[in-house]
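A.B. asks: A predicted structure for the sequence below; I have some questions about it.
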Amino acid sequence: MGADPQRAEEGPPRRVRVAAFRIDRSEVTNAEFAQFVAATHYVTESERAPDARYYPGVARRDLVPASLVFVGALPGTPIDDPGRWWKVVPGADWRHPTGPGSSIAGKAQLPVVHVSHADAQAYAHWRGRDLPTEAEWEYAARGGIDGARYAWGNADPLRDNAPGDRPRANIWQGPFPSFDAGDDGFKAQAAPVGCFPPNGYGLYDMAGNVWEWTSGQYPPEPSGIAGLPPQQRHVIKGGSFLCSENFCWRYRPSARQPGPADSGGIHIGFRTVLRAGRMAAPAAGDGSH
């Protein structure tokens, strides 16, 4: 697990043992999440007003349901200020990915997004499953290839394709955040699950497409307010369609970063695991492996 640090938080490499588990072949889709909401009437965190205690100085009238949306940037935009290409959009949630007026109609097989860690965990528990640990996720992402840079081996996804080769993952192809060439067929947007070749374990989109929640923990984010506990952050893995070579470069199994403490975003989804102690024969149509 881990790597000689391409990023400081990734190393050092270490051996970790995981017990047997099944993991979803693909990221949880809009259709699957909709079944959960219909059955439970669950309301995601992006559909609720933020906790005012964590936003001192923000008027209550401005604490409305919202989520993070990528809005792009002009050519030449410096990459030291994410506020230039991200916007917190009121009304953006899993049903309305880019805000009011948008919808998931015709997008049943896209990965569900704008789900927080708590939302993903609630769905997993409804299915009698859980979120993967960071070690489980990374083991699955490597697809049986130990120590390679990418889920498919060491071939660079931008330089080592022969003419006619299928793209290996949905990632940003060009200078981020101003231009995505879209050579993989999806320009600055998520793809339906399963569009790209699976890894050695038959798992789709373990690199790119959308980040995926794990149960792994990052150091909590200090609240900055006396007497108020810090907010717990969890590890996300795999990178997304917004990960580029010049900025993020986290579409590698060892890469990791903290997800937001109380929300999701247009580029964060998840998949679930079933561990050995709870395993039974998979039901017909079960998408785990």
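C.D. replies: Received the coordinates, thanks.
A.B. asks: so how many other residues sit close to residue 38?
C.D. replies: Applying other C-beta atoms under 10 Å, we find 9 other residues in the vicinity of residue 38. Where you see a C-beta, it was placed from the backbone N, CA and C, and this is true even at glycine.
A.B. asks: Let me fix that, I meant to ask about residue 69.
C.D. replies: Neighbour tally, residue 69, other C-beta under 10 Å: 21.
A.B. asks: Now do it against residue 182, distance only.
C.D. replies: Residue 69 sits 19 Å away from residue 182, going by C-beta to C-beta, to the nearest Å.
A.B. asks: So which bits of the helix or strand hosting residue 236 are buried?
C.D. replies: Residue 236 belongs to strand 231-237 when assigned by DSSP states H and E. For strand 231-237, the neighbour count (16 or more other C-beta atoms under 10 Å) marks 233-237 as buried.
A.B. asks: So for the nearest residue to residue 152 once chain neighbours are set aside, what's the pLDDT?
C.D. replies: Excluding its sequence neighbours, the residue lying closest to residue 152 (C-beta to C-beta, 6 or more residues apart in numbering) is residue 168, at 5.5 Å. We have a pLDDT of 95 for residue 168.
A.B. asks: I'd assumed residue 198 was in contact with residue 168.
C.D. replies: No - using C-beta atoms under 8 Å, residue 168 makes no contact with residue 198, being 10.7 Å away.
A.B. asks: Who has more neighbours out of these two?
C.D. replies: residue 168 (23 against 17).
A.B. asks: Next up, the contacts around the more buried one.
C.D. replies: 150, 152, 155, 157, 161, 196-197, 207 (C-beta atoms under 8 Å, 6 or more residues apart in numbering).
A.B. asks: same question, residue 140
C.D. replies: So residue 140 contacts 23, 132, 201, 203, 206 (C-beta under 8 Å, 6+ apart).
A.B. asks: now the strands for this protein?
C.D. replies: Ranges of strands in the chain, per DSSP state E, are 21-23, 66-70, 86-90, 211-221, 231-237, 257-258, 268-269, 273-275.
A.B. asks: Quick check: which ranges of the chain have low pLDDT?
C.D. replies: 5, 280-289 (pLDDT under 70).
A.B. asks: Break down the stretch 1-150 of the chain into its helices, ranges please.
C.D. replies: 30-40, 117-126, 134-142 (DSSP state H, counting those that start in this stretch).
A.B. asks: and the longest one, what other elements does it pack with?
C.D. replies: If you count contacts as 3 or more C-beta pairs under 8 Å, 6 or more residues apart in numbering; DSSP states H and E, helix 30-40 packs onto helix 117-126.
A.B. asks: for the second one, same thing?
C.D. replies: Using 3+ C-beta pairs under 8 Å, 6+ apart, the elements in contact with helix 117-126 are helix 30-40, strand 211-221.
A.B. asks: Can you say which of the ones you listed is packed in most?
C.D. replies: strand 211-221 (a mean of 20; mean count of other C-beta atoms under 10 Å).
A.B. asks: May I have that one as CSV, with CA atoms only?
C.D. replies: Provided in CSV are the C-alpha atoms of strand 211-221 (Å, rounded to 0.1, in the frame of the first residue of the first chain):
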residue,chain,number,x,y,z
TRP,A,211,-13.5,10.4,-6.4
GLU,A,212,-14.7,7.6,-4.1
TRP,A,213,-15.3,7.8,-0.3
THR,A,214,-13.5,5.4,2.0
SER,A,215,-13.8,4.9,5.7
GLY,A,216,-10.2,6.0,6.1
GLN,A,217,-9.7,9.1,8.3
TYR,A,218,-7.7,12.2,7.7
PRO,A,219,-6.8,14.5,10.7
PRO,A,220,-10.0,16.4,11.6
GLU,A,221,-10.5,19.9,10.3
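A.B. asks: mind listing what the closest residue to residue 193 other than its chain neighbours touches?
C.D. replies: Distances taken as C-beta to C-beta, 6+ apart place residue 26 nearest to residue 193, at 3.7 Å, with adjacent residues excluded. Residues counted as contacts of residue 26 (C-beta under 8 Å, 6+ apart) are 111, 193-194, 203-205, 271, 287.
A.B. asks: quick one on the thing from earlier: output the helices and strands packed on helix 117-126 in CSV; the columns should cover distance to residue 107.
C.D. replies: Formatted as CSV, the helices and strands packed on helix 117-126 follow (distance: least, C-beta to C-beta, whole Å):
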stretch, distance to residue 107
helix 30-40, 6
strand 211-221, 18
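A.B. asks: Having no further points to raise, I will conclude here.
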